[in-house]
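> Fold the following.
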Amino acid sequence: MAPSPLLSAASLAEAIRQKKISPRQAVEEHLARIEQWNPKINAFVQVDAEGARRQASIAEAAVMAGKPLGPLHGVPLSIKSSISVSGLRCEAGARLRAGHVAESDAPLVSRLRDAGAIFLGTTNTPELLMAWETANLLYGRTNHPLDPSRTPGGSSGGEAAAIATGCSAGGVGSDGGGSIRVPAHFTGICGLKPTPGRIPASGHFPGSAGPFAFTGVVGPMARTVEDLKILFSVMQGPDFGDPCAAPVPLRWPEPEFLKQTRIGYFEDDGRTPVTPETRRAVQLSAEALQAAGFEVHPFRPDGLEEARQLWWKFFGTAGGMLLGPMTRGREEELSPILREFMSWVQAEPPHSGESLLQTWMARDLLRIRIFTQMRKENFSILLCPVAAIPAFRHGERSWEVEGQVVQYLDAWSYTEWFNLLGTPAVAVPVGKSPEGLPIGVQLSGFPWAEELVLEVAARLQRELPRP
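Numbers count the residues shown, from 1 in each chain. Modelled structure (predicted):
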């Protein structure tokens with residue numbers, strides 16, 4: 001039996017059920033892994049070793065007593081430090097929240113506990129989650145596991161680095177514009193951005209309300225899609241603390257239905273070029289899905305550039321308006337990354353009531369337009385890149401790709417569309433760059449169709465094992 005940090009969450013849970021590995025052994029091996037890796041990558045802001053050991057002892061007693069075991073019984077997980085875990089820091093990388101400790105568990109955390117999961121600690125983020133890299137003035141910079149001169153991405157960068165190195169078997173991130181999928185793509189793991197409300201965002205900071213309720217979500221991160229399926233199944237379900245909640249039951253597609261799924265793919269959006277390796281990853285994925293029995297055709301919906309622009313009016317313009325009162329007069333306490341973000345926001349006029357209403361209506365009309373195109377062509381799944389580039393070096397703000405300069409805010413437009421549209425999207429590792437950096441692809445579907453997206457992603461990962 002391999003050491004527990006090298007096993008998937010599903011395999012580890014099965015080994016615990018079969019008494020091949022004990023929960024206490026699993027926790028100790030993961031704590032040793034954290035001790036080995038965290039000084040290099042700085043993924044964790046808090047490691048609750050004593051709490052994890054207490055949880056492991058209780059989990060082990062349940063195994064030995066022959067009690068019913070949940071699907072994650074004894075499996076050590078980590079949690080992004082913007083999600084409430086009782087007794088652990090939930091500071092979202094901000095000096096303005098320094099020392100904040102959660103008084104109770106977020107609903108998704110309670111559900112994971114009920115499934116038997118053990119929490120090791122919380123992971124690093126950029127300040128107030130406003131970046132695609134991870135660094136702040138409270139805990140410093142998180143490094144890429146393969147190259148410390150590069151970032152594991154953001155804002156769930158600490159979570160991605162912890163999972164990629166085997167410091168945890170899986171965990172939870174949040175995503176308002178690629179913050180789960182970009183770090184997954186950068187570090188070679190998998191991540192799901194669900195439909196808003198499918199997994200409750202209750203207990204997340206910043207809170208889920210207004211336009212951020214339909215752009216920002218929480219979701220699972222793990223090394224395999226099969227693990228995402230388990231984590232999603234446990235965490236999903238309505239909670240009244242999330243304004244987008246809806247009573248959608250689990251609906252895993254039958255094999256016959258799955259065979260009828262048509263997939264449309266595109267290698268770039270016609271505006272922001274992608275690296276040759278990224279282009280090849282999409283091609284390989286399309287070929288693999290075709291070989292798996294799916295009908296796969298080139299298809300790029302019209303309206304993607306409009307989606308990018310509308311997304312920024314919510315995430316950037318409206319987000320900056322919300323952050324303004326919180327940070328005004330305290331600029332010296334802000335991290336350089338957040339100050340940079342605020343400078344981009346302040347370069348544009350704030351919303352008026354009319355402009356926000358127009359943006360909201362334009363978003364709804366665009367969703368109708370894009371979904372109508374997909375329905376007309378009978379495509380249930382879109383396959384495309386996650387980002388224009390692989391993991392970048394700390395501090396970089398532009399890159400030359402296919403003879404064109406790609407700016408920082410443009411490189412992640414491939415994820416931002418799906419936040420604007422409110423659709424589920426999964427990042428899956430497929431290839432590598434010439435430097436050996438992971439390259440992922442993205443699969444998205446219609447709202448509330450997480451099960452179909454995850455099943456297609458699982459088929460892709462089986463056809464193209466983790467590089």
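> When you work out contacts or count neighbours from here on, use the C-alpha atoms and nothing else.
OK.
> so how far is Leu356 from Pro211?
As defined by C-alpha to C-alpha, to the nearest Å, Pro211 lies at a distance of 10 Å from Leu356.
> Oops, could you answer that again for Arg330 instead?
Taking C-alpha to C-alpha, one finds Arg330 at 27 Å from Leu356.
> Pro238 now?
For Pro238, the distance to Leu356 - C-alpha to C-alpha - is 28 Å.
> Neighbour count: those two, which is higher?
Pro238 (20 against 17; other C-alpha atoms under 10 Å).
> per-residue confidence for that one?
As predicted, Pro238 sits at a pLDDT of 97.
> quick one: it and Ser202 touch, right?
No: using C-alpha atoms under 8 Å, Pro238 is not in contact with Ser202; the gap is 10.2 Å.
> mind listing what Thr142 touches?
Thr142 makes contact with Ile41, Asn42, Ala43, Asn124, Thr134, Ala135, Thr151, Pro152, Gly157, Gly158, Ala161, according to C-alpha atoms under 8 Å, 6 or more residues apart in numbering.
> Domains in this structure, by residue range?
Following automatic domain parsing, one finds the domains of the chain at 4-235, 255-463.
> how about the strands in the stretch 301-450 of the chain?
Applying DSSP state E, counting those that start in this stretch to the stretch 301-450 of the chain gives strands spanning 381-385, 398-401, 404-407, 425-432, 438-445.
> Go through stretch 326-341 and flag the buried ones.
Thr327, Leu334, Ser335, Ile337, Leu338, Arg339, Phe341 (16 or more other C-alpha atoms under 10 Å).
> Which pair of the residues you listed spans the longest distance?
Thr327 and Ile337 (13.6 Å; C-alpha to C-alpha).
> Not counting its own residues, what contacts stretch 269-276?
Outside stretch 269-276, the residues touching it (C-alpha under 8 Å, 6+ apart) are 267-268, 300, 304-305, 385, 387-389, 401-402, 404, 406, 410-411, 414.
> For it, measure first residue to last.
14 Å.
> per-residue confidence averaged over it?
98.
> which among the contacts of stretch 269-276 end up buried?
Applying 16+ other C-alpha under 10 Å to those flags 267-268, 300, 304-305, 385, 387-389, 406, 410-411, 414 as buried.
> Tell me the one among the residues you listed nearest to Asn378.
Arg300 (13.1 Å).
> wait, that closest one sits on Phe266?
Yes: the pair formed by Arg300 and Phe266 meets the contact definition of C-alpha under 8 Å, at 5.6 Å.
> Which neighbouring elements make contact with the lengthiest helix in the chain?
As assigned by DSSP state H, the longest helix anywhere in the chain is helix 353-376. Contacts defined by 3 or more C-alpha pairs under 8 Å, 6 or more residues apart in numbering; DSSP states H and E place helix 353-376 against helix 304-312, helix 413-421.
> could I get the ones you listed as CSV with distance to Gly191?
Formatted as CSV, those follow (distance: least, C-alpha to C-alpha, whole Å):
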stretch, distance to Gly191
helix 304-312, 20
helix 413-421, 12
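> now for the ones you listed, which one comes closest to Ala362?
helix 304-312 (7.8 Å).
> Quick check: mean pLDDT of stretch 174-185?
For stretch 174-185, the per-residue pLDDT averages 98.
> Can you give me the end-to-end span of it?
With C-alpha to C-alpha, one end of stretch 174-185 sits 15 Å from the other.
> for stretch 187-199, same thing?
23 Å.
> again with stretch 1-13
Note: stretch 1-13 ends 13 Å apart using C-alpha to C-alpha.
> quick one: buried residues of it?
Ser4, Pro5, Leu6, Leu7, Ser8, Ala9, Ala10, Leu12, Ala13.
> Need the residues that contact it.
20-21, 26, 29-30, 33, 71-75, 166-170, 222-224, 226-227, 230.
> Against Ser444, how distant is Phe257?
Phe257 is 17 Å from Ser444, by C-alpha to C-alpha.
> And for Lys20?
Counting by C-alpha to C-alpha - Lys20 and Ser444 are separated by 37 Å.
> ok, now Thr359?
In terms of C-alpha to C-alpha, Thr359 sits 23 Å off from Ser444.
> Surely Ile389 is in contact with Ala411?
Yes: contact criterion C-alpha under 8 Å: Ile389 and Ala411 qualify, at 6.9 Å.
> Stretch 278-294: how far from the chain's middle?
Remark: stretch 278-294 is offset 22 Å from the chain centroid, using C-alpha atoms, centre = their mean, to the nearest Å.
> cool, and stretch 262-272?
Using C-alpha atoms, centre = their mean, the offset of stretch 262-272 from its chain centre is 21 Å.
> picking up where we left off before, I'd like the buried ones among the contacts of stretch 269-276 laid out as JSON lines, including distance to Glu396.
Listed next are these as JSON lines, based on distance: C-alpha to C-alpha, whole Å:
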{"residue": "Glu267", "distance to Glu396": "24"}
{"residue": "Asp268", "distance to Glu396": "22"}
{"residue": "Arg300", "distance to Glu396": "29"}
{"residue": "Leu304", "distance to Glu396": "25"}
{"residue": "Glu305", "distance to Glu396": "24"}
{"residue": "Pro385", "distance to Glu396": "20"}
{"residue": "Ala387", "distance to Glu396": "15"}
{"residue": "Ala388", "distance to Glu396": "14"}
{"residue": "Ile389", "distance to Glu396": "12"}
{"residue": "Val406", "distance to Glu396": "11"}
{"residue": "Asp410", "distance to Glu396": "13"}
{"residue": "Ala411", "distance to Glu396": "12"}
{"residue": "Tyr414", "distance to Glu396": "19"}
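> Appreciated, that's everything.
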